[in-house]
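A.B. asks: the following comprises the amino acid sequence and a computationally predicted model.
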Amino acid sequence: MSKTLQVTGTIVNIGESKDVGKAKPYLKRTFALADPDSKEEYPNWFVFEMGGTNIDKILEHGVGDVVTVSFNLKGRQWQDRWFSNTEAWRIESVSKAASVAPTDGPELDSEIPF
């Protein structure tokens, strides 16, 4: 049984798609969110996987965007080893990152005034 969960955070990384299929092609992409509740000196990140028909949903968002991710937390055992993964299946935008355009502002002096 898998449990559906949600978390909100800022996108810090979007990985490339990778083919992880053996018998037939299956593409998977990972991405990471910064945990807004973690301490600055001890940051925490949530890492998710998207695959199949959902693989490109993350591309609708960019690094710096705040999103809410719905995901399934799954685990399994294989040859006395335990594995878990976080499979994202929905990404909803909370706020987009502000794009900063270069401006023609005054030049700053490189000398310290004191």
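C.D. replies: Now that the structure is in, tell me what you want to look at.
A.B. asks: partners of the residue nearest to the spatial centre of the chain in the sheet?
C.D. replies: When Cα atoms, centre = their mean is applied to the chain, the residue found nearest the centroid is residue 32 (2.7 Å). Residue 32 has these beta-bridge partners by DSSP bridges: residue 13, residue 47.
A.B. asks: which residues touch it?
C.D. replies: 11-13, 45-48 (Cβ atoms under 8 Å, 6 or more residues apart in numbering). (Glycine included, C-beta is placed from N, CA and C.)
A.B. asks: try it again at 10 Å.
C.D. replies: Contacts were defined as Cβ atoms under 10 Å, 6 or more residues apart in numbering; by that measure residue 32 touches 9-15, 45-48, 63.
A.B. asks: so which bits of the longest strand seen in the chain are buried?
C.D. replies: As assigned by DSSP state E, the longest strand anywhere in the chain is strand 81-95. Neighbour-count burial for strand 81-95, counted by 16 or more other Cβ atoms under 10 Å, picks out 85-89, 91.
A.B. asks: equivalent analysis for stretch 46-62, please.
C.D. replies: Buried residues in stretch 46-62, counted by 16+ other Cβ under 10 Å: 46, 48-51, 54-55, 57-58, 61.
A.B. asks: what lies in contact with the helix or strand of the chain with the lowest mean pLDDT?
C.D. replies: Lowest by mean pLDDT, DSSP states H and E among the helices and strands of the chain is strand 18-19, with a mean of 84. Outside strand 18-19, the residues that touch it by Cβ under 10 Å, 6+ apart are 25-30, 49, 51, 55.
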